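No letters, just coordinates:
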């Protein structure tokens with residue numbers, strides 16, 4: 001059976017790994033959750049043991065939902081007697097998207113009406129509604145014309161562990177606290193004898209969650225206990241009781257063995273009392289050392305002696321002052337008192353994270369409710385200063401050749417980069433055939449504090465000819481990396497490497513990291529999020545830089561359409577350039593969320609900027625809008641399960657004719673693709689479009705060596721007013 005476990009954005013990969021560890025057959029990260037394959041017992045186990053899930057939803061019905069009538073009919077077709085008993089209360093949570101149903105509360109009401117009507121007709125009695133503590137909580141999702149009705153197996157938000165008696169002004173959700181601890185590798189730190197420190201502990205969420213994690217206390221044990229979290233008739237009550245008995249044995253043994261390794265401080269005496277009360281309710285007060293102290297004073301934690309983990313959630317949102325000086329004081333105190341410890345710090349944003357002055361090994365974007373945050377992991381807090389040794393081994397002959405070429409390229413590009421303000425660029429592209437890789441440079445966007453901007457490298461290995469021994473290709477790659485580190489002076493943590501491995505079907509890219517880290521970079525006036533580690537591509541195609549900046553210059557007052565929009569960098573540039581509206585179409589929800597984050601990063605929002613999750617070809621054929629500026633950059637080939645197979649050579653005429661039909665008088669369509677053997681069928685388009693090859697103007701200086709990186713044409717529709 002397939003079910004869905006939801007979580008806060010940024011926790012998806014952690015949640016998928018946790019569910020697999022809990023015994024689920026398969027768990028795949030998706031937006032704000034994980035799609036899971038497993039049994040009902042697996043789902044119930046997730047309710048009891050998951051530290052990261054927000055809800056666990058077990059589907060009972062799925063149907064087409066074009067409007068409210070279809071919603072009512074689909075819900076009424078469910079055999080509700082199999083799910084609710086006499087006297088049961090219910091509640092419905094709804095999430096809707098699309099044009100047909102726009103109000104979640106109304107959609108929830110229609111489902112409730114259907115349930116009530118069915119049961120009243122069959123039993124003569126109707127269930128009551130209890131939005132706070134229902135016997136059965138239903139969950140409705142309507143998306144792309146399909147409705148899914150599920151049972152909320154946890155009966156409500158799972159982050160509510162049951163021990164919180166009091167809280168501060170901006171409490172941290174318990175499952176987000178668990179993510180901060182897991183990113184800091186707290187379970188391993190504790191097993192190695194380490195301690196946990198929170199110098200701004202507030203109501204104690206991080207410390208208490210850390211203690212319960214160390215003691216192996218199931219998160220759902222206190223909030224649910226032996227009583228099932230739902231009275232849904234399909235719930236396996238006997239199986240739940242067995243799981244609870246196992247959890248209770250583990251809890252009792254874990255709490256008995258728990259070391260007093262938890263240290264917290266805060267300057268607010270009132271909130272410290274709340275932390276003590278919460279720790280007592282959670283059963284871990286006996287291992288807590290909580291003191292009133294400013295952030296500068298951390299000495300009591302170091303009494304434990306062992307290397308440990310610092311966790312902290314400094315103030316950052318609109319309700320609490322986000323003072324960079326407080327972050328600086330935190331960083332200074334950690335370097336001074338616990339330099340060899342690890343730190344996992346949930347900061348308000350990238351600028352506040354950098355205000356700590358700490359060098360992050362890893363950086364993640366998480367959400368505390370609706371507030372986007374930056375989590376930095378530093379290991380150690382203060383790396384020992386390394387003097388450059390005079391006897392550092394010299395680069396090998398091959399590595400020295402690569403280093404020399406890199407320096408030559410950087411010198412050649414310097415004047416252009418400074419003149420154009422280019423922060424992200426290609427520094428090397430298999431210039432030496434034996435060292436077949438591309439090296440791209442990404443420099444973090446400027447911050448208000450004016451601190452030195454971090455530089456990162458993205459290295460992609462190209463496939464070597466089959467006759468080259470694997471040992472030789474590996475040696476050459478290591479030499480290339482040594483040269484890059486030498487020239488750029490970067491630690492290996494700031495170099496993202498995409499290597500190829502041999503598998504079925506020949507050469508393919510190997511597994512990528514799953515860090516969830518993003519870096520904000522600058523392109524012209526726009527700020528764009530890139531992810532150097534998790535995907536084959538970073539979120540920005542550097543070779544399209546001139547074309548995107550052309551859109552920024554050309555889009556003023558125009559309606560912009562971006563087909564196969566990817567992460568929407570072109571949309572952002574058009575919006576920054578003053579486009580009257582933008583429409584971005586892509587089949588991937590992940591990419592559209594990435595685009596949404598990019599728009600938010602630039603302060604762009606509202607109904608003028610439309611994001612459409614759809615197959616671009618099918619959407620074009622159904623759309624009736626007019627657009628002044630269209631960008632179409634399709635993939636070479638796509639075989640998504642949600643759309644028909646796409647081959648750019650085979651389909652481009654049909655695609656372009658459909659796009660040209662949406663072009664307003666005087667408008668321009670830019671068509672690009674990177675299929676090396678692509679041939680544009682100009683004859684098949686000659687009756688509808690004038691076509692101009694603009695490729696040379698769209699190839700930037702850093703890609704001149706590889707001018708075949710893409711082809712680009714500008715098209716205008718024939719027989720229309722050519723104003724503008």
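Yep, it's here. These numbers were taken from a predicted model, which means no experiment stands behind them.

Residues in a beta bridge with the nearest residue to residue 379 once chain neighbours are set aside, which ones?
The shortest distance from residue 379 to any residue other than its chain neighbours is 4.4 Å, reached at residue 342 (CB to CB, 6 or more residues apart in numbering). Yep, even glycine has a C-beta here, placed from its N, CA and C like the rest. In this structure, residue 342 bridges to residue 309 when assessed by DSSP bridges.

Residue 342 reaches residue 381, doesn't it?
Yes: contact criterion CB atoms under 8 Å: residue 342 and residue 381 qualify, at 7.3 Å.

Could you pull out the helices in the stretch 51-200 of the chain for me?
Counting by DSSP state H, counting those that start in this stretch, the stretch 51-200 of the chain forms helices over residues 68-76, 104-123, 174-183, 186-191, given from the N-terminal end onward.

which other residues reach the second one?
Okay, so that is helix 104-123. Taking contacts as CB atoms under 8 Å, 6 or more residues apart in numbering, the residues outside helix 104-123 that touch it are 68, 71-73, 75-76, 78, 80-81, 84, 86, 90, 92-96, 101, 125-127, 129, 138, 140, 142, 149.

hmm, try it at 6 Å
Counting by CB atoms under 6 Å, 6 or more residues apart in numbering, helix 104-123 makes contact with 68, 71, 72, 75, 76, 80, 92, 94, 96, 101, 126, 140, all of which sit outside it.

From residue 140, how far off is the third one?
Shown here: residue 72 relative to residue 140, a distance of 12 Å by CB to CB, to the nearest Å.

neighbour count winner among those two?
The neighbour comparison of residue 72 against residue 140 (other CB atoms under 10 Å) goes to residue 140, with 24 against 17.

Provide a list of residues in contact with the more buried one.
Residue 140 makes contact with 94, 111, 149, according to CB under 6 Å, 6+ apart.

List the contacts of the nearest residue to it once chain neighbours are set aside.
Once flanking residues are discounted, residue 140 sits nearest to residue 94: 4.3 Å by CB to CB, 6+ apart. Contact criterion CB under 6 Å, 6+ apart gives 104, 107, 108, 140 as the residues in contact with residue 94.

switch the cut-off to 10 Å
With CB atoms under 10 Å, 6 or more residues apart in numbering as the criterion, the residues that contact residue 94 are 71, 101, 103-112, 138-142, 147, 149.

for residue 298, same thing?
So, once contact is read as CB under 10 Å, 6+ apart, residue 298 ends up touching 197, 199, 263, 265, 310, 330, 333, 334, 336, 337, 338, 341.

and with 8 Å instead?
Residues 197, 199, 265, 333, 334, 337, 338 are the ones in contact with residue 298 under the rule CB under 8 Å, 6+ apart.

The third one: what secondary structure?
Per DSSP: H, G, I helix; E, B strand; the rest coil, the secondary structure class of residue 265 is strand.

Pull the contacting residues for it.
Contacts were defined as CB under 8 Å, 6+ apart; by that measure residue 265 touches 198-201, 290-295, 297-298, 300.

just the fourth one next, same as before
By CB under 8 Å, 6+ apart, the contact set of residue 333 is 199, 295, 296, 297, 298.

Which pLDDT value goes with the closest residue to it other than its chain neighbours?
If the residues on either side of it in the chain are set aside, residue 333 comes closest to residue 296, at 5.0 Å by CB to CB, 6+ apart. If you check residue 296, the pLDDT there is 80.

correct me, but residue 296 touches residue 329?
Yes: using CB under 8 Å as the test, residue 296 is close enough to residue 329 to be in contact (6.0 Å).

So the two - more neighbours on which side?
Set side by side, residue 296 and residue 329 give different neighbour counts by other CB under 10 Å, the larger being at residue 329 (19 against 12).

For residue 272, see how far away the more buried one is.
Between residue 329 and residue 272 the computed distance is 19 Å (CB to CB).

Residue 629 - that's part of a strand, no?
Yes: Residue 629: assigned to a strand according to three-state DSSP.

need the contact list for it.
For residue 629, the contacting residues are 551, 554, 555, 558, 559, 560, 561, 574, 579, 667, 668, 670, by CB under 8 Å, 6+ apart.

same question, residue 67
Listed by CB under 8 Å, 6+ apart, the contact set of residue 67 reads 100, 101.

burial count for the residue lying closest to residue 46 once chain neighbours are set aside?
The shortest distance from residue 46 to any residue that is not its chain neighbour, by CB to CB, 6+ apart, is 5.0 Å, and that residue is residue 56. By the other CB under 10 Å criterion, the neighbourhood of residue 56 contains 29 residues.

likewise residue 20?
16.

Which strand or helix spans it?
In this structure, residue 20 sits in helix 12-21 according to DSSP states H and E.

That helix vs helix 174-183, what angle?
Helix 12-21 and helix 174-183 meet at an angle of 90 degrees, taking axes from the mean of the first three to the mean of the last three CA atoms, to 10 degrees as the criterion.

pLDDT score for the residue nearest to residue 140?
pLDDT recorded at residue 94 is 95.

quick one on the thing from earlier: dump the contacts of residue 265 into TSV; add distance to residue 407 as well.
Conversion of the contacts of residue 265 to TSV gives the following (distance: CB to CB, whole Å):
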residue	distance to residue 407
198	46
199	44
200	45
201	49
290	55
291	54
292	55
293	51
294	48
295	44
297	48
298	44
300	51
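
separation between the residue nearest to residue 46 and residue 360?
When CB to CB is the yardstick, residue 56 and residue 360 sit 33 Å from each other.

What strands line up against whichever helix or strand comes after the helix holding residue 20, and which way round?
Remark: after helix 12-21, the chain's next helix or strand is strand 26-30, criterion DSSP H and E. Using DSSP bridges, strand 26-30 pairs in its sheet with strand 33-37 (antiparallel).
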